[in-house]
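Asker: Provided below are the primary sequence and the corresponding predicted coordinates.
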Amino acid sequence: MATQNFGPTGPASFTRRSCLGHLGWLTAAAAGVLSGAQPAGAQPAFPVRPLRIAVPNAAGGAADITARTVAQKMAGPLGQSIVIENKPSAGGVVAGDLVARSEPDGHTLLLVSSGTAVSAALFQTLPFDTLKDFVPVSLLATFDLALVVREGGPFKTLADLLAYGRAHPGKLNLGTPQIGTTQHLAAELFKATAGLDAQIVPFNGTPPVITALRGGEVDAMVDILGGLMPQIGAKALRPLAVLGAQRAAQLPEVPTVRESGGAFASFNVTSWNGLAVPSKTPAAVVERLSREVNAALAQPDVKKRLQELNLNAQGSTPTQAGEHLAADIRRWSEVIARARIARQ
């Protein structure tokens, strides 16, 4: 399903008295309009029509399900339906361009993510300026990345892997999905932080990397933890570390990379997603949307649904979301330049 509409909860119920009350209110409102009366400094009403969220990913993925789960909870308090529009494309260009060109009134939102930050760093030209043309509303969720090896292989701990890499320059191979993905750049950052002379080997997606790792073609791989959990659960792959600042809820016994200390003392890489609106959207509208997003994320059933997808519900203020996006763009720009990855 590429488009879905989430409506406000439940039909309204009116008694004769309430109808008369509403008619009286409408009469007074009409009189105010005709007389041109409006409180000084009044903000325009919001929302006044259905909202839509442009998702730069296909239906059914983690980003899409996150948007739908949150939208379903936001529709009722906002009093308007919310339509999810899937616009998959390279670099999220189609969805981003649609929202950047939309009226800045809060009725059209964009699902942004760590992929949005990577695209801003990797693409030489985009039809929009990621930092100037959008105003972040809130983060939605974070999801862990992990460094894994094949079960039964020579590496039992992260220390084993690092010792081998340092003792055998140029011999260690780390597999990742495609060039320019968050996973690929995270592996480049791991390599640079460790000071390893290692090879990053990109494959066309996660399944080929897993096959290569299990077959001994690469020594380790970096990928999103959620997609690796079936292999980990089946004892085919062994997680050596997660790349975020905290241990993953799914694997509390697995250390973080930063627990290795030294150069890794502040290492912290996670994938994330959030919502943004066009720049020049009124601040009051951005704040209203942010409140509703955070209220939705606080609900136990939303947290549970995201946990089932190996996502961690993570709201924020608009300012925090903006800082997060800007910091990610800076970091990946530096990694791309250091690794001499050709900009597209």
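Answerer: Nice, I can see it.

Asker: Given the longest strand along the chain, what are its sheet partners and their directions?
Answerer: Identified as the longest strand of the chain according to DSSP state E is strand 134-150. If you go by DSSP bridges, strand 134-150 pairs up with strand 220-224 (antiparallel), strand 237-242 (antiparallel), strand 270-278 (antiparallel), strand 312-313 (antiparallel).

Asker: For Gly322, find the nearest of the ones you listed.
Answerer: Nearest to Gly322, of all these, is strand 270-278, at 8.7 Å by CB to CB. Glycine gets a C-beta too; all of them are placed from N, C-alpha and C.

Asker: which is the next helix or strand following that closest one?
Answerer: helix 283-297 (DSSP states H and E).

Asker: what angle sits between that following helix and strand 134-150?
Answerer: 30 degrees (axes from the mean of the first three to the mean of the last three CA atoms, to 10 degrees).

Asker: going forward can the numbers begin at 25, since that is how I track them
Answerer: New numbering, starting at 25: the last item is helix 307-321.

Asker: Output helix 307-321 in CSV, but only the C-alpha positions, please.
Answerer: Only the C-alpha atoms of helix 307-321 are listed here, as CSV (Å, rounded to 0.1, in the frame of the first residue of the first chain):
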residue,chain,number,x,y,z
ALA,A,307,7.0,28.5,14.5
ALA,A,308,3.7,27.9,16.3
VAL,A,309,2.8,25.2,13.8
VAL,A,310,6.2,23.5,14.1
GLU,A,311,5.8,23.5,17.9
ARG,A,312,2.3,22.0,17.6
LEU,A,313,3.4,19.2,15.3
SER,A,314,6.4,18.5,17.6
ARG,A,315,4.1,18.2,20.6
GLU,A,316,1.8,15.8,18.8
VAL,A,317,4.8,13.7,17.6
ASN,A,318,6.2,13.4,21.0
ALA,A,319,2.8,12.6,22.6
ALA,A,320,2.4,9.8,20.0
LEU,A,321,5.9,8.4,20.7
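
Asker: I'd like the average pLDDT over it.
Answerer: Averaging pLDDT along helix 307-321 gives 98.

Asker: do stretch 121-132 as well
Answerer: The model assigns stretch 121-132 a mean pLDDT of 97.

Asker: likewise stretch 177-193?
Answerer: 97.

Asker: how close does Val301 get to Phe152?
Answerer: As for Val301, its distance to Phe152 is 13 Å (criterion: CB to CB, to the nearest Å).
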